[in-house]
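Below are the sequence and a predicted model; questions follow.
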Amino acid sequence: PSAVAALVGLSFSGAIGLTFLMLGCALEYYGVYWPLFVLIFYFICPIPHFIAKRVSDDSDAASSACRELAYFFTTGIVVSAFGFPIILARVEAIKWGACGLVLAGNAVIFLTILGFFLVFGRGDDFSWEQW
């Protein structure tokens, strides 16, 4: 039951993050949909972790070079997702208010992704591999 509650909470927080993103795009005052390209970063963010988990063996307690490279690429993806709306606002493609909403949505979505891996990535009976 606690895993189901965690799943419901994570889906709720993901919906809140996407709501912030959509508000930054769809409000009549902003009216530009360029920030939706941030969705690409949401989708590619977990890919380095999946590749590193598949390639590296989990037998050693020390962190492998493959896992460290995955952390590096994931960090680059997350920083790029936060930098993209700032650059769009700086070149005046979007307004600064829309940038703030997209940054708030980024924070919520990436914390949701982190929470998903913390809750379901332990490898116990109720893990993300079952989904």
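The structure has been received and is ready for your questions. Not measured: the values here are computed from a predicted model.

Residue ranges in this protein under the pLDDT threshold?
For the chain, residues meeting the criterion pLDDT under 70 lie at 1, 57-63, 122-131.

what ranges do the helices span in it?
2-26, 38-44, 47-55, 65-90, 96-120 (DSSP state H).

Closest to the centroid, which residue in the chain?
Against the mean C-alpha coordinate of the chain, by Cα atoms, centre = their mean, the closest residue is residue 110 at 3.3 Å.

follow-up on the earlier one: which one of the helices of the chain is the most hemmed in?
Scoring the helices of the chain by mean neighbour count under mean count of other Cβ atoms under 10 Å gives helix 96-120 as the most buried, with a mean of 18. All C-beta spots, glycine's among them, are computed from the backbone N, C-alpha and C.

Tell me which other helices or strands that helix touches.
helix 2-26, helix 38-44, helix 65-90 (3 or more Cβ pairs under 8 Å, 6 or more residues apart in numbering; DSSP states H and E).

cutoff 6 Å now
helix 2-26, helix 65-90 (3 or more Cβ pairs under 6 Å, 6 or more residues apart in numbering; DSSP states H and E).

Tell me which of those helices lies nearest to residue 55.
Closest to residue 55 of those is helix 65-90 (Cβ to Cβ; 5.3 Å).

and the closest one, how far from the chain's centre?
10 Å (Cα atoms, centre = their mean, to the nearest Å).

and that helix, what does it pack onto?
helix 38-44, helix 47-55, helix 96-120.
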